[in-house]
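1. Give me the fold of what follows.
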Amino acid sequence: MSAQVERAKQFHQLHIKGNPLVLFNAWDAGSAQAVARGGAKAIATGSWSVAAAHGVADGEDLPLDVVIANAARIVAAVDLPVTIDFEAGYGSTPADVGESVARLLATGAIGVNIEDRFIGKPGLQAPLDQAARLSAARRAADASGVPLFINARTDIFLNAPASEHSEAMVDDALARAKIYADAGGSGFFVPGLIDETLLARVCRDCPLPVNVMMFSDAPSPNRLAELGVARISHGPGPYRAMVKWLEGEAKEIYSAA
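-> Predicted coordinates:
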């Protein structure tokens, strides 16, 4: 069994409903090593942070070649499973997504986030269109022999403020979760959802392990575990905190000069 396959299987096993895997998202090899030294069980990137660290905006503005090279450096730098936030899959067609995922797998990565929003314009992919993209990613993984963890992300809850989240939106999300699971998804990511009642329903009825993103007003990790969450991501939070600290230190240095 290759090390990559072993790490992929290990990563799948870390997703336990009620005992969530916590991912403190990194953006490059150095930050990944720091998170690993902190006691992480796996390393995850956040696309916003990776893009910002390269001086560009999130939204696939960072060229695929750079994303692949960055992933390869992270995988080589840590002795842990590495999952990459791959935005919308870096492909205008399902076939393109499959080719991009095949390139990512060649770095040694064992997981990927693929979101259902459009790049460069508002709105979400139709569920069956997104399913075709996820299926292409799964076929690429099967061809490589790696049981890739495909974290199927829906941006339903990022398209409205938390105060407007509703049961109807959960209905939509759960319908997508079923379709994405059938297409080869391994997990279901619902960034933006923090309402406990709605989140509990998603965790109860979703056919896949549920991933949430931490926000300042989100329930505590212990409460998220009680609600049935299987994975907690910190997204751009670590990068933003680091940059805020760096900027503050720079201001102090230069104001004293």
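2. contacts and neighbour counts: CA atoms only from here.
-> OK.
3. In the stretch 151-257 of the chain, mark out all the helices, start to finish.
-> 167-182, 196-205, 221-227, 237-255 (DSSP state H, counting those that start in this stretch).
4. what is the orientation angle of the second one with helix 167-182?
-> Right, helix 196-205. 30 degrees (axes from the mean of the first three to the mean of the last three CA atoms, to 10 degrees).
5. Convert helix 196-205 to PDB, retaining C-alpha atoms only.
-> Output in PDB follows, covering the C-alpha atoms of helix 196-205 (Å, rounded to 0.1, in the frame of the first residue of the first chain):
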ATOM      1  CA  GLU A 196     -28.000  25.300  15.700                       C
ATOM      2  CA  THR A 197     -31.400  24.100  14.800                       C
ATOM      3  CA  LEU A 198     -30.700  24.100  11.100                       C
ATOM      4  CA  LEU A 199     -27.300  22.700  11.500                       C
ATOM      5  CA  ALA A 200     -28.600  19.800  13.700                       C
ATOM      6  CA  ARG A 201     -31.000  19.000  10.900                       C
ATOM      7  CA  VAL A 202     -28.300  18.900   8.300                       C
ATOM      8  CA  CYS A 203     -26.100  16.700  10.400                       C
ATOM      9  CA  ARG A 204     -29.100  14.400  11.100                       C
ATOM     10  CA  ASP A 205     -30.300  14.000   7.600                       C
END
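6. on that earlier part again, out of the helices of the stretch 151-257 of the chain, nearest to residue 101?
-> helix 167-182 (16.6 Å; CA to CA).
7. That closest one: which residues count as buried?
-> 170, 173-174, 176-181 (16 or more other CA atoms under 10 Å).
8. Export those residues to CSV and append columns for distance to residue 100 and pLDDT.
-> Formatted as CSV, the buried residues of helix 167-182 follow (distance: CA to CA, whole Å; pLDDT from 0 to 100):
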residue, distance to residue 100, pLDDT
170, 30, 98
173, 26, 98
174, 27, 98
176, 23, 98
177, 23, 98
178, 24, 98
179, 22, 98
180, 19, 98
181, 20, 98
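9. wait, which of these is closest to residue 220?
-> Nearest to residue 220 among the buried residues of helix 167-182, with distances taken as CA to CA, is residue 170, at 21.0 Å.
10. residues contacting the closest one?
-> 198, 201-202 (CA atoms under 8 Å, 6 or more residues apart in numbering).
11. Let me know the closest of those to residue 76.
-> Using CA to CA, the contacts of residue 170 come closest to residue 76 at residue 202, 35.7 Å.
12. Now that the closest one has come up, it's in contact with residue 174, right?
-> Yes - in terms of CA atoms under 8 Å, residue 202 counts as a neighbour of residue 174; the distance is 6.8 Å.
13. what ranges of the stretch 1-150 of the chain fall below the confidence cut-off?
-> Scanning the stretch 1-150 of the chain for pLDDT under 70 picks out 1.
14. which stretches of it form strands?
-> Assigned by DSSP state E, counting those that start in this stretch, the strands in the stretch 1-150 of the chain fall at 21-23, 43-44, 82-85, 111-115, 149-153.
15. What I need now is the ones you listed written out in CSV, including mean neighbour count and distance to residue 37 for each item.
-> Listed next are those as CSV, based on neighbours: other CA atoms under 10 Å; distance: least, CA to CA, whole Å:
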stretch, mean neighbour count, distance to residue 37
strand 21-23, 22, 13
strand 43-44, 28, 11
strand 82-85, 27, 15
strand 111-115, 26, 20
strand 149-153, 26, 23
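16. Nearest to residue 7 among those strands would be which one?
-> strand 82-85 (8.4 Å).
17. Mind listing residues that contact the closest one?
-> With CA under 8 Å, 6+ apart, strand 82-85 has contacts from 42-47, 71, 74-75, 108-114.
18. that older thread, looking at the buried residues of helix 167-182, which one is closest to residue 191?
-> The nearest one, if we look at these relative to residue 191 and count by CA to CA, is residue 173, at 11.4 Å.
19. I'd assumed residue 155 was in contact with the closest one.
-> No - Residue 173 is beyond contact range of residue 155, at 9.1 Å (criterion: CA under 8 Å).
20. Okay then, goodbye and thanks.
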